[in-house]
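> pasting the sequence and the predicted coordinates here, then a few questions.
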Amino acid sequence: MRRRKKKHDDDHMDESWLIPYADLLTLLLALFIVLYASSSVDAQKFKELSQVFSEIFTGGTGMMEYPSPVAPQQSSDQAEKQAASPGKEEGKEKELAKEELDKQAFLKDQEELKEIQGKINEYIKTNNLEAQFITKLTDEGLLLTIRDNVLFDSGSATVQGSDLSVASELSQLLVMNPPRNIIISGHTDNVPIRNAEFDSNWELSVMRAVNFMKIILDNPNLDPQWFSAKGFGEFEPIADNGTAEGRGQNRRVEVLILPRVTE
């Protein structure tokens, strides 16, 4: 009985060497495959290979389990923030580019207004009208101020015949391409007026602006849709109405050439 048991154990020992030998071969094969895969760095393939061998040898919890070289997947909130970030940067760049274009357009428009001012000033100098015509570049646009005694008799809204040529020549300087909006406004001093034609300075200022605008628009090269007339009466003085000189400055017609681009 004892001899048979011993023989059985010997047979078993003789066959058991096959298992570690097979495992050794398998491990060597796995090692060479891993070394080959590592020689060409491909994070995704390396991760997949690791997962396959881990499942083969240990069911996914053995020696091939290691921190993944590939970054873990981000949360949806993080992904949305990162996705939105390039859009914000692009939006800022577009906004800055638009601001720069607007600035350049504004500067160019101001240069054009200066050129118009130069032409009008040349006309004023040539005709010795420095005491009656004044130009000024303001935030609202190019302002041309005309003293009322240049165009009108006292208390009248009718342009004097001797000054019709002045208004006509001035209209040539207002021809622009493309055209600009132009506002013509009338102003008076604070001395009350009441005659057969006007009951107040309001009416006088309005009609002076309208009548002067009509003469300007006799020029066929000017489009009436770009013009408008206003009357401010005595309520926008530029000098002291307490003196004769101040009242003379307040009685005026203004031509405002508006900018195309505002800052």
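On my side now, so go ahead. Just so you know, these numbers come straight off a predicted model, no measurement behind them.
> and the helices in the stretch 1-150 of the chain?
2-16, 18-39, 43-58, 76-126, 148-151 (DSSP state H, counting those that start in this stretch).
> cool, the stretch 151-263 of the chain as well?
Using DSSP H, counting those that start in this stretch, helices in the stretch 151-263 of the chain cover 164-173, 201-216, 244-250.
> and the gap between residue 120 and residue 163?
16 Å (Cβ to Cβ, to the nearest Å). All C-beta spots, glycine's among them, are computed from the backbone N, C-alpha and C.
> can you put the helices of the stretch 151-263 of the chain in CSV and add mean neighbour count, mean pLDDT and distance to residue 257?
Formatted as CSV, those follow (neighbours: other Cβ atoms under 10 Å; pLDDT from 0 to 100; distance: least, Cβ to Cβ, whole Å):
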stretch, mean neighbour count, mean pLDDT, distance to residue 257
helix 164-173, 16, 91, 10
helix 201-216, 21, 96, 12
helix 244-250, 15, 90, 21
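> now the ones you listed as a markdown table including distance to residue 182?
Formatted as a markdown table, the helices of the stretch 151-263 of the chain follow (distance: least, Cβ to Cβ, whole Å):
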| stretch | distance to residue 182 |
| --- | --- |
| helix 164-173 | 10 |
| helix 201-216 | 8 |
| helix 244-250 | 22 |
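> which of these sits closest to residue 155?
helix 201-216 (7.2 Å; Cβ to Cβ).
> using PDB, write out every CA atom in the closest one.
What follows is helix 201-216, C-alpha atoms only, in PDB (Å, rounded to 0.1, in the frame of the first residue of the first chain):
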ATOM      1  CA  ASN A 201     -37.200 135.700 -31.200                       C
ATOM      2  CA  TRP A 202     -38.200 132.100 -31.700                       C
ATOM      3  CA  GLU A 203     -39.900 132.700 -35.000                       C
ATOM      4  CA  LEU A 204     -37.100 135.100 -36.200                       C
ATOM      5  CA  SER A 205     -34.400 132.500 -35.400                       C
ATOM      6  CA  VAL A 206     -36.200 129.700 -37.100                       C
ATOM      7  CA  MET A 207     -37.000 131.700 -40.300                       C
ATOM      8  CA  ARG A 208     -33.400 132.900 -40.600                       C
ATOM      9  CA  ALA A 209     -32.200 129.300 -40.500                       C
ATOM     10  CA  VAL A 210     -34.800 128.100 -43.000                       C
ATOM     11  CA  ASN A 211     -34.300 131.000 -45.400                       C
ATOM     12  CA  PHE A 212     -30.500 130.600 -45.300                       C
ATOM     13  CA  MET A 213     -30.900 126.800 -45.900                       C
ATOM     14  CA  LYS A 214     -33.100 127.400 -48.900                       C
ATOM     15  CA  ILE A 215     -30.400 129.500 -50.600                       C
ATOM     16  CA  ILE A 216     -27.800 126.900 -49.800                       C
END
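> helices or strands up against it?
helix 148-151, helix 164-173, strand 182-187, strand 227-231, strand 252-257 (3 or more Cβ pairs under 8 Å, 6 or more residues apart in numbering; DSSP states H and E).
> so how far is residue 231 from residue 97?
Applying Cβ to Cβ to residue 97 and residue 231 gives a distance of 44 Å.
> neighbouring contacts of stretch 209-222?
151, 157-159, 164, 167-168, 170-172, 174-175, 179, 184-186, 224, 227, 229-231, 253 (Cβ atoms under 8 Å, 6 or more residues apart in numbering).
> these, buried ones only, as a ChimeraX selection?
The buried residues among these can be selected in ChimeraX (16 or more other Cβ atoms under 10 Å) with this line:
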select :151,157,159,167,170,171,174,184,185,186,227,229,230,231,253
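> any low-confidence regions in the stretch 101-250 of the chain?
Applying pLDDT under 70 to the stretch 101-250 of the chain picks out no residues at all.
> still on that earlier bit, which of the helices and strands packed on helix 201-216 sits closest to residue 23?
Of the helices and strands packed on helix 201-216, the one closest to residue 23 (Cβ to Cβ) turns out to be strand 252-257, at 96.2 Å.
> quick one: contacts of the closest one?
113, 116, 140-148, 151, 170, 174, 180, 182-187, 208-209, 212, 238.
> good, wrapping up.
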